[in-house]
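> below are the sequence and a predicted model for it; my questions follow.
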Amino acid sequence: EAGMAEYWSAKARDAFEESCLEFGLRLNPDAKAQSWWRIDGHEGYLTAAGIGGPITGKGANIAIIDDPVKSAAEAASPVYRDKAWDWYRSTLYSRLAPGGAIILIMTRWHEDDLAGRLLDDMAKGGEEWVVLSLPAIAEENDALGRAIGEPLWPGRYSLADLDRIRETQGPYY
């Protein structure tokens, strides 16, 4: 959804603006919109758009797809999953510059979600992906080196909090 993309883009822009002078940088005064902003004197820029959003005509050295699925209802919808997949293949991927990278950040709600389709494509010889899984409660061979059962962010969610959440939500969610 474009609204969330613009919201987080504005937060990133504002955070950058608060600290950029420490690094001798500033926002370009002519490009400070919520969904499109750039650093003065530099070629790069940030464009924010939701699934199906307008990115035609823009290239990407790094494309970040953050939470393309917003709810269990979207995840359960074959129509929505197809829409996300079609947008990825027809719109986002075609904007990737040579040598560019795509970062996909998401909660897995369904085996046939965007990540599932990308991993399935990789297994068939398609694009290679590196998977970094960070569960709320550490499992065996944790990527961060946490002990089994250790919370991801104990300052925000203790193990007791996470156990209560898991019990309330059930095993699927």
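Sure thing, it's come through.

> need the three-state assignment for Ile55.
Under the three-state scheme (DSSP: H, G, I helix; E, B strand; the rest coil), Ile55 adopts coil.

> burial of the closest residue in space to it that isn't next to it in sequence, as a residue count?
With sequence-adjacent residues excluded and distances taken as C-beta to C-beta, 6 or more residues apart in numbering, Ile55 is closest to Ala49, at 5.1 Å. Yep, even glycine has a C-beta here, placed from its N, CA and C like the rest. For Ala49, the count of nearby residues is 20 (other C-beta atoms under 10 Å).

> need the residues that contact stretch 30-48.
Stretch 30-48 is contacted by residues 2, 5-10, 12-13, 16, 20, 25-29, 49, 55, 58, 61 when judged by C-beta atoms under 8 Å, 6 or more residues apart in numbering.

> strand partners (parallel or antiparallel) of the least confident helix or strand in the chain by mean pLDDT?
Among the helical and strand segments of the chain, the one scoring lowest on mean pLDDT, DSSP states H and E is strand 45-47, with a mean of 81. Under the criterion DSSP bridges, strand 45-47 sits next to strand 36-39 (antiparallel) in its sheet.

> go through this structure and flag its longest strand.
Of all segments of type strand in the chain, defined using DSSP state E, the longest is strand 96-105.

> give the other helices and strands that that one contacts.
Counting contacts by 3 or more C-beta pairs under 8 Å, 6 or more residues apart in numbering; DSSP states H and E, strand 96-105 packs against strand 60-66, helix 114-123.

> out of those, nearest to Ser94?
strand 60-66 (9.8 Å; C-beta to C-beta).

> can I get the closest one in PDB, CA atoms only?
What follows is strand 60-66, C-alpha atoms only, in PDB (Å, rounded to 0.1, in the frame of the first residue of the first chain):
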ATOM      1  CA  ALA A  60      17.200   0.900  -8.700                       C
ATOM      2  CA  ASN A  61      20.600   0.000  -7.500                       C
ATOM      3  CA  ILE A  62      19.000  -1.400  -4.400                       C
ATOM      4  CA  ALA A  63      15.300  -2.100  -4.300                       C
ATOM      5  CA  ILE A  64      13.800  -2.900  -0.900                       C
ATOM      6  CA  ILE A  65      10.500  -4.600  -0.600                       C
ATOM      7  CA  ASP A  66       9.300  -4.300   2.900                       C
END
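
> thinking again about what came up before, what comes up buried for the least confident helix or strand of the chain?
Leu46, Thr47 (16 or more other C-beta atoms under 10 Å).

> with stretch 148-167 instead?
So stretch 148-167, judged by 16+ other C-beta under 10 Å, has buried residues Pro151, Tyr157, Leu162.

> got the angle for the host helix or strand of Ala15 vs strand 60-66?
Following DSSP states H and E, one finds Ala15 within helix 2-19. Here helix 2-19 runs at 120 degrees with respect to strand 60-66, directions being taken by axes from the mean of the first three to the mean of the last three C-alpha atoms, to 10 degrees.
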